[in-house]
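Asker: all I have is the shape, not the residue letters:
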């Protein structure tokens, strides 16, 4: 823990030359570290890391044990899941067909409108004798 290296005392000087007096500075962090060390709660870093790794391994083992207890799928479950997947694919295909039909209808209507517009433009040109803008 980095709190072991926190300054807990400051050297002071009365004459400005020699710093021979030590003034104690007590912080909450330093006092809590001292209490833990006095109670035997201090562990070296490698022991802390080992305990963290052990705790993590225990959690993984518990999760793996919970997964091992799961039941496998039988034929009925597989058939049900296949039916759900088939329904989803049919629904997606129907939506895709509907979109394609709408796009085709839109393109046909646009082509028809363009054909009507070009026919009107040709009729205007024949009637007006030239320029469609009338500036002629």
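Answerer: Here it is on my side, so go on. Predicted, not measured: the structure shown is a model, and the values here were computed from it.
Asker: give me phi/psi at residue 44?
Answerer: Backbone torsions for residue 44, taken as degrees, to the nearest 10, come to phi -60, psi 160.
Asker: now do residue 21
Answerer: phi -110, psi 140.
Asker: can you check the one 10 residues further on too?
Answerer: For residue 31, the backbone dihedrals (degrees, to the nearest 10) come out as phi -70, psi -40.
Asker: and if you look at residue 22?
Answerer: Reported as degrees, to the nearest 10, the phi and psi values for residue 22 are phi -110, psi 120.
Asker: how far away is the nearest residue to it once chain neighbours are set aside from residue 32?
Answerer: The shortest distance from residue 22 to any residue that is not its chain neighbour, by CB to CB, 6 or more residues apart in numbering, is 4.9 Å, and that residue is residue 9. Backbone N, C-alpha and C define where each C-beta goes, glycine included. Applying CB to CB, to the nearest Å, one obtains 17 Å for the distance of residue 9 from residue 32.
Asker: just give the number of residues close to residue 80.
Answerer: Close neighbours of residue 80, defined as other CB atoms under 10 Å, add up to 11.
Asker: per-residue pLDDT, it?
Answerer: Residue 80 is assigned a predicted lDDT (pLDDT) of 94.
Asker: over to residue 23?
Answerer: 75.
Asker: A strand includes it, no?
Answerer: Yes - for residue 23, which was evaluated using DSSP: H, G, I helix; E, B strand; the rest coil, the result is membership in a strand.
Asker: show me the contacts for it.
Answerer: For residue 23, the contacting residues are 9, 10, 11, 12, taking CB atoms under 8 Å, 6 or more residues apart in numbering as the criterion.
Asker: at 6 Å instead, please
Answerer: Under the criterion of CB atoms under 6 Å, 6 or more residues apart in numbering, the neighbours of residue 23 are 10, 12.
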